[in-house]
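Enquirer: Mind looking at a prediction? Sequence and model below.
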Amino acid sequence: MQSQPPSPRSRTEPLFVGFAGRRGAGKTSAARYLGSKFGFQYTRYSQILQGWLAADGCDRDRLQKLGWDVMAGGLQGDLNKRLLAGLDRSRSTAIDGLRHPIDFESLSSALGASFRMVFLEAPLKQRFERLQPHFSTLAEFQAADSHLVEAHIDGLKPLASVTISNDDSLKTLHERLDKWVAAYEVGDHK
(Lines give C-alpha, C1' and ligand atoms only; values in the text may rest on other atoms or scores of the structure.)
Protein backbone atom coordinates (compact mmCIF):
# COMPACT_ATOMS: atom_id res chain seq x y z
CA MET A 1 0.00 0.00 0.00
CA GLN A 2 1.53 3.32 -1.04
CA SER A 3 0.24 6.65 0.11
CA GLN A 4 0.85 10.34 0.15
CA PRO A 5 1.41 11.85 3.59
CA PRO A 6 -1.78 13.15 5.14
CA SER A 7 -2.24 16.88 5.36
CA PRO A 8 -3.18 18.32 8.74
CA ARG A 9 -6.93 18.18 9.38
CA SER A 10 -9.08 19.01 12.30
CA ARG A 11 -10.83 16.06 13.92
CA THR A 12 -14.21 17.68 13.30
CA GLU A 13 -13.69 18.40 9.61
CA PRO A 14 -15.58 15.99 7.33
CA LEU A 15 -13.58 13.74 5.02
CA PHE A 16 -14.77 13.04 1.48
CA VAL A 17 -13.37 9.80 0.10
CA GLY A 18 -13.78 8.86 -3.55
CA PHE A 19 -13.20 5.27 -4.58
CA ALA A 20 -11.82 4.35 -8.01
CA GLY A 21 -10.74 1.04 -9.49
CA ARG A 22 -11.66 -1.53 -12.11
CA ARG A 23 -14.90 -3.52 -11.98
CA GLY A 24 -14.89 -5.92 -9.04
CA ALA A 25 -11.98 -4.20 -7.27
CA GLY A 26 -14.15 -3.58 -4.20
CA LYS A 27 -15.26 0.06 -4.51
CA THR A 28 -18.80 -0.54 -3.28
CA SER A 29 -17.68 -2.80 -0.44
CA ALA A 30 -15.10 -0.23 0.67
CA ALA A 31 -17.47 2.74 0.46
CA ARG A 32 -20.26 0.94 2.28
CA TYR A 33 -17.79 -0.16 4.96
CA LEU A 34 -16.87 3.46 5.70
CA GLY A 35 -20.59 4.09 6.13
CA SER A 36 -21.16 1.21 8.51
CA LYS A 37 -17.96 1.61 10.55
CA PHE A 38 -17.49 5.38 10.61
CA GLY A 39 -20.93 6.77 9.75
CA PHE A 40 -19.96 8.18 6.36
CA GLN A 41 -22.85 9.04 4.08
CA TYR A 42 -22.74 6.91 0.93
CA THR A 43 -23.28 7.92 -2.67
CA ARG A 44 -22.29 6.44 -5.99
CA TYR A 45 -22.02 7.78 -9.49
CA SER A 46 -24.36 5.15 -10.91
CA GLN A 47 -27.13 6.25 -8.49
CA ILE A 48 -26.80 9.83 -9.71
CA LEU A 49 -26.71 8.67 -13.33
CA GLN A 50 -29.77 6.49 -12.86
CA GLY A 51 -31.74 9.25 -11.11
CA TRP A 52 -30.81 11.71 -13.85
CA LEU A 53 -31.29 9.65 -17.01
CA ALA A 54 -33.02 6.40 -16.12
CA ALA A 55 -35.44 7.04 -13.28
CA ASP A 56 -37.41 3.97 -14.34
CA GLY A 57 -34.43 1.81 -13.40
CA CYS A 58 -31.95 -0.14 -15.47
CA ASP A 59 -29.38 -2.91 -15.29
CA ARG A 60 -25.58 -2.60 -15.23
CA ASP A 61 -25.25 -2.84 -19.00
CA ARG A 62 -27.69 0.02 -19.58
CA LEU A 63 -26.03 2.10 -16.86
CA GLN A 64 -22.66 1.51 -18.52
CA LYS A 65 -24.11 2.70 -21.85
CA LEU A 66 -25.65 5.76 -20.19
CA GLY A 67 -22.31 6.46 -18.51
CA TRP A 68 -20.61 6.35 -21.89
CA ASP A 69 -23.28 8.63 -23.42
CA VAL A 70 -22.63 11.16 -20.63
CA MET A 71 -18.85 10.91 -20.97
CA ALA A 72 -18.81 11.02 -24.79
CA GLY A 73 -21.38 13.80 -24.82
CA GLY A 74 -19.21 16.08 -22.68
CA LEU A 75 -21.62 15.86 -19.74
CA GLN A 76 -19.27 14.38 -17.12
CA GLY A 77 -19.00 17.79 -15.46
CA ASP A 78 -22.80 17.94 -15.19
CA LEU A 79 -22.85 14.50 -13.61
CA ASN A 80 -20.34 15.70 -11.02
CA LYS A 81 -22.39 18.84 -10.31
CA ARG A 82 -25.41 16.63 -9.63
CA LEU A 83 -23.40 14.40 -7.31
CA LEU A 84 -21.97 17.36 -5.40
CA ALA A 85 -25.39 19.02 -5.10
CA GLY A 86 -26.68 15.95 -3.27
CA LEU A 87 -23.95 15.88 -0.62
CA ASP A 88 -24.42 16.96 2.96
CA ARG A 89 -21.05 18.70 3.29
CA SER A 90 -21.26 18.70 7.06
CA ARG A 91 -20.79 14.88 7.06
CA SER A 92 -17.97 12.67 5.90
CA THR A 93 -18.87 10.92 2.66
CA ALA A 94 -17.81 7.81 0.74
CA ILE A 95 -18.21 8.31 -3.02
CA ASP A 96 -18.32 5.11 -5.05
CA GLY A 97 -17.26 4.82 -8.67
CA LEU A 98 -14.97 7.58 -9.95
CA ARG A 99 -14.19 6.70 -13.56
CA HIS A 100 -12.72 9.77 -15.21
CA PRO A 101 -10.13 12.46 -14.40
CA ILE A 102 -12.99 15.00 -14.58
CA ASP A 103 -14.52 13.22 -11.57
CA PHE A 104 -11.29 13.66 -9.61
CA GLU A 105 -10.87 17.28 -10.73
CA SER A 106 -14.49 18.19 -9.91
CA LEU A 107 -14.38 16.66 -6.43
CA SER A 108 -10.91 18.05 -5.66
CA SER A 109 -11.93 21.51 -6.76
CA ALA A 110 -15.24 21.55 -4.87
CA LEU A 111 -14.09 19.78 -1.69
CA GLY A 112 -10.49 20.98 -1.43
CA ALA A 113 -8.19 19.48 1.18
CA SER A 114 -11.06 17.42 2.62
CA PHE A 115 -11.14 15.20 -0.49
CA ARG A 116 -9.07 12.05 -0.88
CA MET A 117 -9.25 9.41 -3.58
CA VAL A 118 -8.56 5.75 -2.84
CA PHE A 119 -7.65 3.53 -5.77
CA LEU A 120 -8.49 -0.15 -5.24
CA GLU A 121 -6.84 -2.85 -7.28
CA ALA A 122 -7.27 -6.60 -7.52
CA PRO A 123 -6.21 -9.29 -10.00
CA LEU A 124 -8.51 -9.94 -12.97
CA LYS A 125 -9.43 -13.46 -11.85
CA GLN A 126 -10.54 -12.28 -8.39
CA ARG A 127 -12.53 -9.41 -9.86
CA PHE A 128 -14.31 -11.81 -12.21
CA GLU A 129 -15.06 -14.24 -9.37
CA ARG A 130 -16.56 -11.43 -7.28
CA LEU A 131 -18.86 -10.42 -10.12
CA GLN A 132 -19.58 -13.90 -11.49
CA PRO A 133 -23.28 -13.68 -10.57
CA HIS A 134 -23.50 -10.86 -13.14
CA PHE A 135 -21.28 -12.40 -15.84
CA SER A 136 -21.48 -15.99 -16.99
CA THR A 137 -18.07 -16.08 -18.68
CA LEU A 138 -14.69 -14.44 -18.26
CA ALA A 139 -14.97 -13.12 -21.84
CA GLU A 140 -18.27 -11.42 -20.99
CA PHE A 141 -16.68 -9.84 -17.91
CA GLN A 142 -13.62 -8.70 -19.88
CA ALA A 143 -15.87 -7.11 -22.52
CA ALA A 144 -17.68 -5.09 -19.84
CA ASP A 145 -14.38 -4.26 -18.11
CA SER A 146 -12.91 -2.92 -21.38
CA HIS A 147 -15.98 -0.87 -22.37
CA LEU A 148 -15.07 2.68 -23.41
CA VAL A 149 -16.63 4.16 -20.25
CA GLU A 150 -14.00 2.24 -18.25
CA ALA A 151 -11.07 3.50 -20.36
CA HIS A 152 -9.91 6.28 -18.01
CA ILE A 153 -9.96 4.36 -14.73
CA ASP A 154 -6.31 3.33 -14.70
CA GLY A 155 -5.34 6.97 -15.27
CA LEU A 156 -6.83 7.79 -11.87
CA LYS A 157 -4.31 5.64 -9.98
CA PRO A 158 -1.49 8.23 -10.00
CA LEU A 159 -3.94 10.84 -8.65
CA ALA A 160 -4.95 8.71 -5.65
CA SER A 161 -3.98 9.54 -2.09
CA VAL A 162 -3.49 5.82 -1.56
CA THR A 163 -3.64 2.61 -3.58
CA ILE A 164 -4.99 -0.33 -1.65
CA SER A 165 -4.63 -3.87 -2.90
CA ASN A 166 -7.86 -5.81 -2.44
CA ASP A 167 -6.39 -9.21 -3.23
CA ASP A 168 -7.43 -10.98 -0.04
CA SER A 169 -10.51 -11.32 2.14
CA LEU A 170 -13.12 -8.68 2.88
CA LYS A 171 -11.77 -8.61 6.44
CA THR A 172 -8.31 -7.72 5.12
CA LEU A 173 -9.79 -4.91 3.00
CA HIS A 174 -11.53 -3.55 6.08
CA GLU A 175 -8.29 -3.69 8.08
CA ARG A 176 -6.45 -1.82 5.32
CA LEU A 177 -9.18 0.83 5.22
CA ASP A 178 -9.15 1.15 9.02
CA LYS A 179 -5.41 1.75 8.95
CA TRP A 180 -5.73 4.39 6.24
CA VAL A 181 -8.67 6.17 7.91
CA ALA A 182 -6.81 6.20 11.24
CA ALA A 183 -3.99 8.11 9.55
CA TYR A 184 -6.46 10.93 8.94
CA GLU A 185 -7.79 10.84 12.51
CA VAL A 186 -11.37 10.46 11.41
CA GLY A 187 -12.24 8.16 14.30
CA ASP A 188 -15.99 7.95 14.71
CA HIS A 189 -16.60 11.39 13.16
CA LYS A 190 -19.76 11.47 11.10
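Expert: That came through fine.
Enquirer: residue contacts, V149?
Expert: Residues counted as contacts of V149 (CB atoms under 8 Å, 6 or more residues apart in numbering) are Q64, K65, G67, W68, M71, R99. Heads up, the C-betas are built off the backbone N, CA and C, glycines and all.
Enquirer: so how many other residues sit close to the second one?
Expert: Spelled out, that is K65. Using other CB atoms under 10 Å, K65 has 15 neighbouring residues.
Enquirer: What ranges does the protein have for its strands?
Expert: Using DSSP state E, the strands of the chain run over residues 2-3, 16-21, 41-44, 93-98, 115-121, 162-165.
Enquirer: Just put those in JSON lines and tack on mean neighbour count.
Expert: Converted to JSON lines, the strands of the chain look like this (neighbours: other CB atoms under 10 Å):
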{"stretch": "strand 2-3", "mean neighbour count": "12"}
{"stretch": "strand 16-21", "mean neighbour count": "26"}
{"stretch": "strand 41-44", "mean neighbour count": "19"}
{"stretch": "strand 93-98", "mean neighbour count": "25"}
{"stretch": "strand 115-121", "mean neighbour count": "23"}
{"stretch": "strand 162-165", "mean neighbour count": "20"}
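Enquirer: now the ones you listed in a markdown table, with mean pLDDT?
Expert: As requested, the strands of the chain are arranged in a markdown table below (pLDDT from 0 to 100):
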| stretch | mean pLDDT |
| --- | --- |
| strand 2-3 | 46 |
| strand 16-21 | 97 |
| strand 41-44 | 94 |
| strand 93-98 | 95 |
| strand 115-121 | 97 |
| strand 162-165 | 96 |
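Enquirer: Could you work out the most separated pair of the contacts of V149?
Expert: Using CB to CB, the contacts of V149 span at most 13.6 Å, a distance reached by K65 and R99.
Enquirer: Can you select the buried ones from the contacts of V149 in ChimeraX?
Expert: The buried residues among the contacts of V149 can be selected in ChimeraX (16 or more other CB atoms under 10 Å) with this line:
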select :64,67,71,99
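Enquirer: bridging residues for R44?
Expert: Beta-bridge partners for R44, by DSSP bridges, are D96.
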